[in-house]
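A.B. asks: How does the following fold in three dimensions:
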Amino acid sequence: MFGEVSVPSLLLGGAGVGATYFAYLCATKGVKAALAWLKSEWASGAAAVEKVRADLTQLETGVVSTVKADVAALQSRVSVLEARATAAIPTPAPVLTAPVLPQP
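C.D. replies: Numbers count the residues shown, from 1 in each chain. Okay, the predicted model is just below:
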C-alpha cells in the first residue's frame, strides 16, 4: 500500500514530529514546559532502553543455559552409545601360528 519504508526515513519522520511538537509546546506553553516535556520523554526513553537491555540479557542467559544443558545431555548420550558400541565389538581371538621348522 505504501511501498517500502526504510528505517532512516522512519527516524527522520519521528524526529520531525517530535521537533514540531516541541515547537508547538514552546509557542503555546512556553520554553520551560517544552523542556520539561523533552526531559520526561528522554527519561522514559532511557528507562525503556534499559528494560530492553535487561530483557535481552535475561533472554541470553536463558538461551545459554538451555544450550549448555542440551550439550551436556547429548554428551552423556554419546558416551553411552560409545560404551555400547565398544562392548558390542568382539575382541579378536589371538592368531596362533605354528612354529616354522628349519629346512634341511
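A.B. asks: who's in contact with residue 48?
C.D. replies: For residue 48, the contact set (Cβ atoms under 8 Å, 6 or more residues apart in numbering) is empty. For glycine as for every other residue, the C-beta is placed from the backbone atoms N, C-alpha and C.
A.B. asks: any idea how far it lies from residue 58?
C.D. replies: Per Cβ to Cβ, to the nearest Å, residue 48 is found 16 Å from residue 58.
A.B. asks: Start from the N-terminal end of this protein and give the strands.
C.D. replies: Per DSSP state E, the chain has no strands. Nothing in it meets that criterion.
A.B. asks: Would you mind listing where it has pLDDT under the threshold?
C.D. replies: 1-3, 98-99, 104 (pLDDT under 70).
A.B. asks: max-length helix in it?
C.D. replies: helix 31-88 (DSSP state H).
A.B. asks: Just checking the distance from that helix to the centre of its chain.
C.D. replies: Distance of helix 31-88 from its chain centroid, counting by Cα atoms, centre = their mean, to the nearest Å, is 6 Å.
A.B. asks: How many residues are close by residue 64?
C.D. replies: Neighbourhood size, residue 64 [other Cβ atoms under 10 Å]: 10.
A.B. asks: my bad, residue 18
C.D. replies: 13.
A.B. asks: Residue nearest the middle of this structure, spatially speaking?
C.D. replies: residue 60 (5.2 Å; Cα atoms, centre = their mean).
A.B. asks: Cross-check the contact I'm expecting between residue 25 and residue 37.
C.D. replies: Yes - if you go by Cβ atoms under 8 Å, residue 25 and residue 37 touch, sitting 5.7 Å apart.
A.B. asks: Could you report the neighbour count for residue 75?
C.D. replies: For residue 75, using other Cβ under 10 Å, the count is 10.
A.B. asks: Any figure for the gap between it and residue 63?
C.D. replies: From residue 75 to residue 63 the distance is 19 Å (Cβ to Cβ).
A.B. asks: Likewise for residue 36?
C.D. replies: For residue 36 relative to residue 63 (Cβ to Cβ), the value is 41 Å.
A.B. asks: more neighbours, the two?
C.D. replies: More neighbours surround residue 36 than the other of residue 36 and residue 63, with 13 against 10 (other Cβ under 10 Å).
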